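> what's the 3D shape of this:
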Amino acid sequence: MADFESRREKMINIIGDLLKRKQYAQLRGLLLPLEPADVAQLMEDIEETGIPLIFRLLPKEDAAEVFVELSPEHQEELIRSFSNTELKEVLDELYLDDAVDIVEEMPANVVKRILAHSDPEMRKSINEILKYPEDSAGSIMTTEFIDLKGDMTVEDCFKRIRRNAADVETISVCFVLDRDRRLRGYVTIRDLFLAAYEDEVREIMDTNIVSVTTLEDQESVAQKFSKYDFLTMPVVDGEDRLVGIITVDDVMDVMQAEATEDIEKMAAMLPSDKPYLRTGVFETWRSRIPWLLLLMISGTFTSLIITKFENALMACAVLSAFIPVLTDTGGNAGSQASVAVIRSLSLQEVHFSDIAKVIWKEIRVAVFCGLTLAAANFVKLLLVDGMLFQNPNVTPLVAFVVCVALACTVVTAKTVGCTLPLLADKVGLDPAVVASPFITTIVDVLALLIYFGFATMLIPGVG
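Modelled structure (predicted):
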């Protein structure tokens, strides 16, 4: 990967030059040794007019693998440029789950053409998978797999695998079914190789099965893959009949999509499934502005609090200089706690029943953090603000008030930061939604109340 990245810019220039000089045989020889994902990346970096030409230079199997790796926009452009024969050739080489992914991304007129040139069996399978909810295990599974019977011998299994290997996505794991297609166990290729030819499958199969149902959330599926280190997982229906399998490459796509969605939600953005540079300005504006408007309105609470304590600020104007320190530190402390809890929730390391343990831990951490920050800030206020910059308004009492408020703000922020994601998860909301933006807004309000509360109690003339 690193070697390809270091040569990518040079290869793009070479490809452009070969296309211009029509040196197609040399260009084909340059592309054939590369991985399909690398070829797809190069195709997306050259002029769009050259993409169909490069695609037609590749062998059918390689071209289909490259096609799967292209972005939906380039896939659509290629489909529109294909003849009916070319489209059928590509579709015949695709695995079912890849074909479903492509259909889901295409506009209706392109989907209609794809289905029209798919063979009846694939068309039926595509329509069946499209019936499942978008984020379910059924929507990312493939129905192409090797199934065996318990009374088959190892020799029979190898014959079946050889006959069907070219039409399935993986042969590393084969699933054992009964006459009603209920899942009874599985065997790996390694198990078959180590067994005698005359051994029956039921004698060597593993019956300790971990499976998922068709309607199970795909994020839950990804967690199971991570927990058990699987490469393949069976998908069963409500009667425990095997209807498909999910492979690790599909789960990696799910993990990437879920991580991206969480990051965007934590940054107060509506999730987008398009790459950053391929998302238009208007679409980007539309995904960001609702949250910004909501947070701006919620931010008016801080201005109301400052207005309420306007007399206190007039009596001791220096207090206003330390508001950013309190709100920023409080927001950062709350974000630290929320991110840690959200990660633990996603990995199922903590649950709502652990809320007391989580709060107790974060309070203890917050006390240590708050005292450390308060002590450091007290020294900084007296030495830097008071002595170095000779600000007579920064008295030991003012410094004490600021630092006590800072310590209390950190404790409050971490408590809020760890509690809100757990409460959101309990009521069925996405914990990422209540992350940094909302926690920061809440903490800002509480920080100001704490700050002015201590100031009015401890500084003469302010109350």
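> can you list the weak-confidence ranges in the chain?
1-3, 260-278, 298, 433-437, 463 (pLDDT under 70).
> what's the single longest helix in it?
Counting residues, the longest helix found in the chain (DSSP state H) is helix 396-426.
> which of the residues in that helix are buried?
Neighbour-count burial for helix 396-426, counted by 16 or more other Cβ atoms under 10 Å, picks out 398-422, 424-425. For glycine as for every other residue, the C-beta is placed from the backbone atoms N, C-alpha and C.
> residues contacting residue 91?
99, 114, 117, 118, 119, 122 (Cβ atoms under 8 Å, 6 or more residues apart in numbering).
> whoops, I mixed them up, residue 248
Residue 248 is in contact with 225, 230, 231, 232, counting by Cβ under 8 Å, 6+ apart.
> so the first one is in which element?
When you say that, I think you mean residue 225. Following DSSP states H and E, one finds residue 225 within helix 218-228.
> which strands and helices sit next to that helix?
helix 137-140, strand 212-213, strand 232-236, helix 248-266 (3 or more Cβ pairs under 8 Å, 6 or more residues apart in numbering; DSSP states H and E).
> After the last one, which helix or strand is next?
For helix 248-266, the succeeding helix or strand toward the C-terminus, using DSSP H and E, is helix 281-298.
> now the strands: where do they sit in the protein?
Shown for the chain, the strands assigned by DSSP state E span residues 147-149, 173-177, 183-188, 212-213, 232-236, 242-247.
> can you list these in JSON lines and add distance to residue 69 and mean neighbour count?
Shown next, in JSON lines, are those (distance: least, Cβ to Cβ, whole Å; neighbours: other Cβ atoms under 10 Å):
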{"stretch": "strand 147-149", "distance to residue 69": "29", "mean neighbour count": "19"}
{"stretch": "strand 173-177", "distance to residue 69": "24", "mean neighbour count": "22"}
{"stretch": "strand 183-188", "distance to residue 69": "28", "mean neighbour count": "20"}
{"stretch": "strand 212-213", "distance to residue 69": "26", "mean neighbour count": "20"}
{"stretch": "strand 232-236", "distance to residue 69": "21", "mean neighbour count": "23"}
{"stretch": "strand 242-247", "distance to residue 69": "16", "mean neighbour count": "23"}
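> Any chance of CSV for those strands, columns distance to residue 255?
As requested, those are exported to CSV (distance: least, Cβ to Cβ, whole Å):
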stretch, distance to residue 255
strand 147-149, 27
strand 173-177, 20
strand 183-188, 23
strand 212-213, 15
strand 232-236, 14
strand 242-247, 12
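> To residue 140, which of the ones you listed lies closest?
strand 242-247 (5.9 Å; Cβ to Cβ).
> Can you tell me what sits against the closest one?
By Cβ under 8 Å, 6+ apart, the residues outside strand 242-247 that reach it are 97, 129, 137-138, 140-143, 145, 147, 169-170, 173, 175, 177, 181-183, 212, 214, 221, 225, 231-237.
> go on, stretch 213-224?
With Cβ under 8 Å, 6+ apart, stretch 213-224 has contacts from 132-133, 135-141, 210, 212, 230, 233, 235-238, 243-244, 246, 251, 254-255, 258, 346-348.
> try 6 Å
Stretch 213-224 is touched from outside by 132, 135-138, 140, 212, 235, 237, 251, 254-255, 258, with contacts defined as Cβ atoms under 6 Å, 6 or more residues apart in numbering.
> out of the residues you listed, which one sits closest to residue 152?
residue 235 (22.3 Å).
> from memory the closest one sits against residue 141, does it?
Yes - counting by Cβ atoms under 6 Å, residue 235 does reach residue 141; the two are 4.6 Å apart.
> Turn the helices and strands packed on helix 218-228 into TSV, columns for distance to residue 103.
Shown next, in TSV, are the helices and strands packed on helix 218-228 (distance: least, Cβ to Cβ, whole Å):
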stretch	distance to residue 103
helix 137-140	11
strand 212-213	22
strand 232-236	19
helix 248-266	15
